[in-house]
Every structure is written in C-alpha cells, then in structure tokens.
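*Asks:* got a predicted structure here, sequence first:
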2 protein chains.
Amino acid sequence: MLFQARSIKHCKACGGSVHYQVPADDNRERAVCSDCHAIHYENPLNVVGTVPFWQDQVLLCRRNIEPRRGLWTLPAGFMELGESTAEGALRETVEEAGADVEMGALFTLLNVVRVGQVHLFYLARLRSTEFAPGPETIEAQLFTEAQIPWEEIAFKTTRETLLRYFEDRRSGRFGVHTADIA
Amino acid sequence: MLFQARSIKHCKACGGSVHYQVPADDNRERAVCSDCHAIHYENPLNVVGTVPFWQDQVLLCRRNIEPRRGLWTLPAGFMELGESTAEGALRETVEEAGADVEMGALFTLLNVVRVGQVHLFYLARLRSTEFAPGPETIEAQLFTEAQIPWEEIAFKTTRETLLRYFEDRRSGRFGVHTADIA
C-alpha cells in the first residue's frame, strides 16, 4: 500500500469540494477547500510496538487480520492521540498479545517512506510467559533466535528489528538503531 | 494549542456528515461517515529538526511566524509525506536557516502528548557559517552555551534538546535521549 497523497476530495470542516494548490507561504500542494478555503495537510503516521523478551526468547504474534494474515509480527500498531510513543507501544502489546511487560528503551526507528510511516520499537521485558492474545492475533508464542520463522515474518520492519535485537543481544550492548526500509 | 480530537465534521471522501462512534473491531471513537460509512482516523504528527553545530556553537533561528514569533528555536517543522525523518529534518534546516549541514545521528525523541506531536532532532555538523534564512526566520545566529538566550527559547522541546546537547558535549559522548514533555 503506497501512501495516499491527494486522497482528500472534500473539506472536513464544511464538506465543500477541495482542489490541490500551493497555498501562499507554502511550497507544496495541499488540499484547499473551494468554499471555506480551509487547508488540509496529509502527513506520515507513526507505528509503535515492542520487542517483548524473556531470557533468550522473543514474543511474536501471528496476525489474524489483513494485511499479512497468518504471518508473524512483533506487537505494534498506529500511535493514537493522547498517548506517547512508549504508551502506544505498551497498549499495542497488551491489545495484541495480552502480555505483561516492563517497558525499556527505544530500540529502533525505521522510516518506511513508501507508505508514509515511521515505525518505532521499544525493548520490553516480559514479567510473565502467560499471554492472552486479542482478536487481531491468532496466537502469541516465544521464539529463540534459532526458532524464528524468518520466512513467515509479516513486515520488513519486524525483520530488521529482530535481526538488530539478536545482534545486540550477542554483543551484550543494546543501542538505538535507525534505518530506512525500502 | 491542544490537539484537536473530534475535529472532523464532514467526510473527506464524499462530503457527507460524520458522527463519532466506536467502529466494529475498534475500541475508540472515530469519525464515521453517515452516508458512505468511511472511517477517518486522527493521529499524532511528527516534527523533525536538527541541532546544527559548529565547534562549540549551535545555530538558532529567530522565528518570523506565529506561534512564538520573535523567539529562538532550532530549525524544525512538520514531517511531510515522501521523506524520512532525517530528510525532513535536513529540509527544514535548509528552508529555515539556509544552512549547509552534514546530517548525523538521531539525538532526541520528545513526546508532546498534549498537542499530539512527537519531536525528533538530529545532530547536524555545519559545513559553513554562511546562512540564508528563509521567510519563516528573522535571523539565524550561532551561540555558545553561555550565549544561549534561555529566556527567549520558543519551545520546551528546543530547550530540552539544547540542554542535552551541551551536557553530552561536556561528557564527550552523544546518546539518543527520549523524554515526555508536559
């Protein structure tokens, strides 16, 4: 799914038709209402999640929703208004895996420019190995590095974050990793 | 400015009136079109910028626009579709300060939940001390730590980032800092 630039047809304030033009004091096209002249902006979205770990294992969730239904992912979802990046990451971990975690440091910041998203993953120490997956998850399961189903990982940002996690775990030193994902 | 939850009155797809309700398979209120039933989401925005440095000095811009016109800030602005966080930070540095920088590492990630924003600042080494401020900037000027006009800094995230920068500079080791800004 490419990001939907120029996706606005009507004004969210008055319902009038919009046209795309470069407003005064701006340098790119925006949706401008032909009736009330309100300007509407389209911007990237944040996806926030965690790397829930227990000893030498990481928790993955098998997706029960499209896209990539049936494939494995780290718990993550769109950041909402009224929460911080870490709070959103924790919320998604509870919603998707029903996992009890202690939130740790920011671990990866991954730009996915093609879809207009920034993915942010936090380290999260599991307090228990009892999980209660929500409706978006078929099952939640712990994997050692050798057990990770690399061919059935849902997203490139999940894959990149898992690779970095096991790399840092071997070195004994966890950093903050940034990358652009094609 | 608090974030505008429930700010949508009309559907951007068809122009029909929306009402706020919790859609099936969701757990919070969204704007749902009463005519075409499209669901519209409201999410936090990213503000991206740099800490442009030259020897023991940092570049600040005096704002020529509201809010906080006349006060000093690091170059930063809303992230756009089609760019990464670092590309957006570089673009803002060129637009607001006309500065020539070599982009460095992510330096701060600051949540400003009250306004629905995440501010991300990157280290950026100045290649030159010639600046060409754009229309949003009254003047661009280098400051040592002792010269920083702390009482005339535009935003808490600018202040926090500057404090961390000079702290890390003294220690000789630059990390990635995350914080929630009230």
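*Replies:* Right, received. Where do you want to start?

*Asks:* ok, the spatially most central residue of chain A - contacts?
*Replies:* In chain A, the residue lying closest to the centroid (CA atoms, centre = their mean) is A:Val47, at 2.5 Å. Listed by CB atoms under 8 Å, 6 or more residues apart in numbering or on different chains, the contact set of A:Val47 reads A:76-79, A:117-120, A:157. Yep, even glycine has a C-beta here, placed from its N, CA and C like the rest.

*Asks:* the residue nearest to it when sequence neighbours are not counted bridge partners, please.
*Replies:* Leaving aside its chain neighbours, A:Val47 sits nearest to A:His119 (4.6 Å; criterion: CB to CB, 6 or more residues apart in numbering or on different chains). Note on A:His119: beta-bridge partners by DSSP bridges are A:Val47, A:Leu110.

*Asks:* settle this for me: A:His119 is touching A:Leu110, isn't it.
*Replies:* Yes. Between A:His119 and A:Leu110 there is a contact under CB atoms under 8 Å: 4.4 Å.

*Asks:* low-scoring pLDDT stretches of chain A, where are they?
*Replies:* Applying pLDDT under 70 to chain A flags the ranges A:1-5.

*Asks:* where do the domain boundaries of it fall?
*Replies:* A:8-42, A:45-180 (automatic domain parsing).

*Asks:* okay, those in a markdown table with distance to B:Arg169 next?
*Replies:* Shown next, in a markdown table, are these (distance: least, CB to CB, whole Å):
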| stretch | distance to B:Arg169 |
| --- | --- |
| domain A:8-42 | 33 |
| domain A:45-180 | 19 |
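
*Asks:* which one of those is the most hemmed in?
*Replies:* domain A:45-180 (a mean of 18; mean count of other CB atoms under 10 Å in any protein chain shown).

*Asks:* by contact count, what packs against the one helix or strand A:Leu106 maps to?
*Replies:* For A:Leu106, the host element (DSSP states H and E) is strand A:101-112. For strand A:101-112, the contact count by 3 or more CB pairs under 8 Å, 6 or more residues apart in numbering or on different chains; DSSP states H and E identifies strand A:45-54, helix A:85-97, strand A:117-126, helix A:156-171, strand A:177-180, helix B:85-97, strand B:101-112 as packing neighbours.

*Asks:* now render these as a markdown table, adding distance to B:Val176.
*Replies:* Output for the helices and strands packed on strand A:101-112, formatted as a markdown table (distance: least, CB to CB, whole Å):
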| stretch | distance to B:Val176 |
| --- | --- |
| strand A:45-54 | 16 |
| helix A:85-97 | 13 |
| strand A:117-126 | 12 |
| helix A:156-171 | 14 |
| strand A:177-180 | 9 |
| helix B:85-97 | 13 |
| strand B:101-112 | 5 |
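
*Asks:* rewinding a little: tell me the spacing between the residue nearest to the centre of chain A and A:Glu92.
*Replies:* 9 Å (CB to CB, to the nearest Å).

*Asks:* show me the common contact partners of these two, please.
*Replies:* Counting by CB under 8 Å, 6+ apart, the shared contacts of A:Val47 and A:Glu92 are A:76-77.

*Asks:* and which of the contacts of A:Val47 is nearest B:His10?
*Replies:* A:Phe78 (22.4 Å; CB to CB).

*Asks:* B:Arg30 is in contact with the closest one, correct?
*Replies:* No. The pair A:Phe78 / B:Arg30 is not scored as a contact, 11.6 Å apart, by CB under 8 Å.

*Asks:* shared neighbours, these two?
*Replies:* With contacts taken as CB under 8 Å, 6+ apart, the residues that reach both A:Phe78 and B:Arg30 are B:Tyr41.

*Asks:* quick check: chain neighbours aside, which residue is closest to the residue of chain A most remote from its centre?
*Replies:* Outermost residue of chain A with respect to the C-alpha centroid, by CA atoms, centre = their mean, is A:Asp35; its distance is 36.2 Å. In space, and not counting its chain neighbours, A:Asp35 is closest to A:Gly16: 3.2 Å by CB to CB, 6+ apart.

*Asks:* how near is the spatially closest residue to A:Glu145 that is not a sequence neighbour to A:Ile148?
*Replies:* Leaving aside its sequence neighbours, A:Glu145 sits nearest to A:Phe166 (CB to CB, 6+ apart; 4.6 Å). Distance, A:Phe166 to A:Ile148, using CB to CB: 8 Å.

*Asks:* same question, A:Leu60
*Replies:* Taken as CB to CB, the span from A:Leu60 to A:Ile148 is 8 Å.

*Asks:* which residues touch the residue nearest to A:Val47?
*Replies:* A:His119 neighbours (CB under 8 Å, 6+ apart): A:46-49, A:76, A:108-110, A:112, A:157, A:161, A:181.

*Asks:* A:Pro133: what's its closest spatial neighbour, skipping adjacent residues?
*Replies:* A:Ala140 (4.6 Å).

*Asks:* that neighbour contacts A:Arg63, doesn't it?
*Replies:* No. Using CB under 8 Å, A:Ala140 is not in contact with A:Arg63, being 11.0 Å away.
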